Every structure is written in C-alpha cells, then in structure tokens.
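1. Below is the sequence, then the predicted model.
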Amino acid sequence: MYTLRFRAYASPDVLRELKSQLRLLCEAYNTLRYADITFHERDGKWLNKTELRQLALNLRRQDPDYQRVHSQVFQNVADRYCEARDRFLQGLARFPREKKPERYRSLVYPQSGWKILSTRPARSGKKSWIYLSLSGLGVFKVLVHRPLPDSVSRVAVKVTPTNKLFVSFLVEGDLHVQTENTGKVAALDLGISHLLVTSDGHYVDNPRFLERALLKYRSLSRLLSRKRKGSSNWEKARLRLARLLERVINAKTDFYYKLANALAKRYDVLVIEDLNVVKMTRDGSRTLNRHLRDVSFSRFSFILKWVFQKHGKEVLQVNPAYSSQTCSRCGKKHHLSLSDRVITCQCGLVLDRDLNASLNLLRRAGWEPPVEPVEMRPLWQASSMKQEAPPFRAG
Ligand SMILES: [Zn+2]
C-alpha cells in the first residue's frame, strides 16, 4: 500500500465546515480517550477496537452536531485513538495525549463517503483536476500530477496551519520502480557534522537551507512570544512562523527523497541504525539538538525504507550502541568525546569517526568491512548538490 498526496482547494464554506468538523472530531477523540482511561481505572482493562468504535457510534447518535460528520469518518476517530494507544502498550510511544483543536488537522474516509465526480485536464497540460465529493463536507478540487489508480481504499483530508488543503489517497498494491542491481552494500552513519557517511567513504553534508531556516525560525518565534496571545499581531506572527515551518518541512522532505533515490540507485542493501533501540537506550536528558536529530532521522529512515522497498531493495536496521566508540578493525572500545572527529587505535587504525561508525554498523549486519582504508569524498559534486537542494526563500 502507498499514499498519493495532492494539493486541494475548496470554497470558503466547505473549508469552514471542514474546520468545524475537525473541532468536533477532536472533542470526540478526547472523550474516547477519557472513557478508555476511566474504564481502565475501574476494571483494569483497556477497551478494544470494537468497543471503542461502538462507543463512538453511541456518541454520534446522541448529538445532532456529531451527525453532520459522516459516520465512518466519525468511527475512524476510534481507530486513530486505538492505534495510538496500542503503540503505547507495545512500548513504542508515550500514552496518547489529549488533543488540542489547533493540532487536530485531518480526517479520514476509510471506505465509503467519497466519490470522484469528474476529471478534467488542468490548464498547464500535464496535471489534471479531480472533483472529489466528500459526504457531509462538499466538493474538493484536487490537482493531481499523476493518474489515480482504481484501487484507492481510503481518502484523507488535511488542512495545514496556513489553511492549505491536502488530499491523500491510500492505494492498494505496490508501487514498483525498475532499478538495476549494483551488488553494492553500504552502511550509513547519520550524524550532525555530516548528514550521513557511508561505509565506502561517501558523505553528504547537512543542506545549508536548513541551517538558514533554523536561524530565521528562532527570530520569528522570539517575535511571536513578545506578542499578546490572540491579538491580530500575534496572529500575523503565528502565520509567518507556520509558513516558514511548512516550507522547511517541504524542502527537507524533498531533499530526503532525492537523497534516498540516489542511494537506492547506488546500493542494493543499506544498513542503518535502529532508531527504536536508540530511543530505548537513551536516558531522559535530551538536548534540543538531540531531539531535532532524532526527529529528522526517524523521518529520513522512514523515507529510506519506503524508497528502497519501492525499488525492490532492502534496508537493514542494526543496534547502533557504541558504534562510534568501537574500533572497526580490532573491536577495542575507546572513549571519544563529541569533539573528537578521528578515532586512533593501538592496532594502527586512524579513521574519521563517522566512517568508523558506519563500518561497525556494516559488520553488525553481517558484512566484513573493506580492509583497505577509503578516502572520504562527497556523494554528489558540490555543483549538483546546489541543484538537488530545493530553493529556499527566506521570509
Ligand atoms: Zn583497533
């Protein structure tokens, strides 16, 4: 299964109704969460998916406002809560928090309630408009840049903090891309000084536009904090910050996809660190940079897995504990501080710290690292990097 996501447009009335329904769904989510906690306190048992769905239906039956929302969309809130709670029960996430209305931004039509009324070519030629009718909401114009397969199994609508609309179609089946096998295997060390270093000596630096955006982000959020919450100047500052974030996230995602595609063309198997293990072994003291690193890396490794799978290739995840502190030649453990860029071992190994770490990851996945030391070189030429990085406009 894969998702196709497109920009969409709707009339002000439809947008207003969408936002109103999102508020109702948020309220229902919090009610279900509260009911689940209450039942658990009384009986020591969590509600299962069927019970939560039934509860959602009962809620809807009692309230005419809730009945404006399509019944399946309403029931889907139960699934959403149930999945979040189950991730907690499996030890993968914290207990789902109470949702704030401003952060509840999407709704899902799981099977029915949506219908494609018509399709017509857009003026630009390559793209086309799909007129999508969503029961209880109205008609959305969706700008699609590729044909929609018949096997769409569900539709989701999202509204961003800057009031942009996106429609996602979940499609059954696999999206396969024919890519030649290269016989090459590499491990990636994801880092801060370099975005990544491969075990065969290629590196990619953190794209410049992210650093510039981070500075801009700091100054805008300081500006926001000085305004009175709810005032019109505060609202203006909030919108500027939200637009910046949106652009950064888009630019970053775009960059990650290009990078992942380049890697999938070059390697058949990629070894990366298992981020779930990282999270579990890490203590509570997390700095902001650590946090940002984790968020970016889990996003990037998600994209890597998805792109490699699409190319019929493989991503292996291994435990990264001490990978940067261990000599990749003899296995001796060293104490490196974060500022030590090179590992020097009694066995004669002198190597870039990140390259050494990637060699350890490679070995943990069952491959023998190359004996000859490799020279570090960029994965892309500096000139092509500039082209690859999407333009980023400040402001
Ligand atoms: Zn050694």
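-> Yep, that arrived. Numbers count the residues shown, from 1 in each chain.

2. Tell me the residue of the stretch 151-300 of the chain that sits nearest the ion?
-> Ser199 (16.4 Å; CB to the ion). C-betas here are computed from N, CA, C, even on glycine.

3. which residues touch that residue?
-> Ala186, Ala187, Leu188, Val271, Leu355, Ser358, Leu359, Leu361, Leu362, Pro369, Pro370 (CB atoms under 8 Å, 6 or more residues apart in numbering).

4. And it, what's its pLDDT?
-> For Ser199, the pLDDT comes out at 93.

5. coming back round to it: out of the contacts of Ser199, which is nearest to Ser11?
-> The shortest approach to Ser11 among the contacts of Ser199 belongs to Leu188, at 46.3 Å (CB to CB).

6. what's the helix or strand for the closest one?
-> Element membership for Leu188 (DSSP states H and E) is strand 185-190.

7. Next secondary structure after that strand?
-> Strand 185-190 is succeeded, C-terminally, by strand 194-198 (DSSP H and E).

8. Just want the angle from that following strand to strand 185-190.
-> When axes from the mean of the first three to the mean of the last three CA atoms, to 10 degrees is applied, the directions of strand 194-198 and strand 185-190 differ by 160 degrees.

9. packing partners for strand 194-198?
-> strand 185-190, strand 202-205, helix 353-364 (3 or more CB pairs under 8 Å, 6 or more residues apart in numbering; DSSP states H and E).

10. Apart from its neighbours in sequence, what residue is nearest Thr179?
-> His311 (4.2 Å; CB to CB, 6 or more residues apart in numbering).

11. Enumerate every residue touching that neighbour.
-> Applying CB under 8 Å, 6+ apart, we find His311 in contact with His176, Val177, Thr179, Ala264, Lys265.

12. From the chain's centroid, how far away is stretch 32-39?
-> Centroid displacement of stretch 32-39 relative to its chain, using CA atoms, centre = their mean, to the nearest Å, is 28 Å.

13. Also stretch 328-336?
-> 34 Å.

14. and for that stretch, what are the contacting residues?
-> Residues outside stretch 328-336 that contact it (CB under 8 Å, 6+ apart): 322, 324-327, 343, 345-349, 351, 353, 356-357, 359-360, 363, 369.

15. Apply the buried test to those residues and list what passes.
-> Buried members of the contacts of stretch 328-336, scored by 16 or more other CB atoms under 10 Å, are 324-327, 343, 345, 349, 351, 353, 356-357, 359-360, 363, 369.
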